[in-house]
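[1] Below is the sequence, then the predicted model.
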Amino acid sequence: QVQLVESGGGLVQAGGSLRLSCAASKRTFSSYNMGWFRQAPGKERDFVAAINWSGGSTIYADSVKGRFTISRDNAKNTMYLQMNSLKPEDTAVYYCAVSIGYYSRRSGDYNYWGQGTQVTVSS
């Protein structure tokens with residue numbers, strides 16, 4: 001069992017920045033692939049970014065490429081999402097997730113999820 005706790009969400013104006021963190025409970029954090037997803041009201045949960053176990057490989061949704069950066073610190077059992085140039089359409093609940101298997105864009109490949117943190121971008 002892996003417990004994940006997101007933090008860093010909040011209200012920001014368009015063009016601003018936020019940094020999300022995801023702290024994991026397991027000491028084997030460094031062996032997991034991880035990802036960020038988001039869900040806006042009335043919409044499905046969408047892929048945002050993923051990072052492989054070592055941090056050496058990352059993938060992004062086209063909608064956030066060039067604005068968001070995913071990273072991890074295995075010594076701290078923590079993953080991050082730096083979000084710059086935020087837009088109102090980035091407003092959503094952001095979830096971090098662990099994949100024991102695949103390094104993937106698909107939510108179905110992820111085994112454990114956090115409770116989410118709200119990000120609201122005002123225009």
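    The structure has been received and is ready for your questions.
[2] Tell me where the chain has strands.
    Ranges of strands within the chain are 4-7, 10-13, 18-24, 33-39, 45-51, 58-60, 68-73, 78-83, 92-99, 112-113, 117-122, based on DSSP state E.
[3] Excluding sequence neighbours, find me the nearest residue to the residue sitting nearest the centre point of the chain.
    By C-alpha atoms, centre = their mean, the chain has its centre lying nearest to residue 36, at 2.4 Å. Excluding its sequence neighbours, the residue lying closest to residue 36 (C-beta to C-beta, 6 or more residues apart in numbering) is residue 48, at 4.2 Å. The way it works is simple: take the backbone N, C-alpha and C, and place the C-beta from them, glycine included.
[4] can I assume that neighbour is in contact with residue 62?
    No. In terms of C-beta atoms under 8 Å, residue 48 does not count as a neighbour of residue 62; the distance is 10.9 Å.
[5] The two: which is more packed in?
    Remark: of residue 48 and residue 62, residue 48 carries more neighbours, 25 against 6, as counted by other C-beta atoms under 10 Å.
[6] show me what contacts the more buried one?
    35, 36, 37, 38, 60, 61, 64, 68, 81, 94 (C-beta atoms under 8 Å, 6 or more residues apart in numbering).
[7] 10 Å instead, please
    20, 35-38, 59-61, 63-64, 68, 70, 81, 83, 90, 92, 94-96, 105 (C-beta atoms under 10 Å, 6 or more residues apart in numbering).
[8] Any chance of a ChimeraX selection covering the buried ones in the residues you listed?
    The buried residues among the contacts of residue 48 can be selected in ChimeraX (16 or more other C-beta atoms under 10 Å) with this line:
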select :20,35,36,37,38,59,60,61,64,68,70,81,83,90,92,94,95,96,105
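[9] related to what we said a few turns ago, need the strands of the chain in TSV (columns: mean pLDDT).
    Putting those into TSV (pLDDT from 0 to 100) gives the following:
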stretch	mean pLDDT
strand 4-7	96
strand 10-13	98
strand 18-24	97
strand 33-39	97
strand 45-51	98
strand 58-60	97
strand 68-73	97
strand 78-83	98
strand 92-99	97
strand 112-113	95
strand 117-122	98
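[10] With residue 28 as the reference, measure out to residue 63.
    In this view, residue 63 and residue 28 are 32 Å apart by C-beta to C-beta, to the nearest Å.
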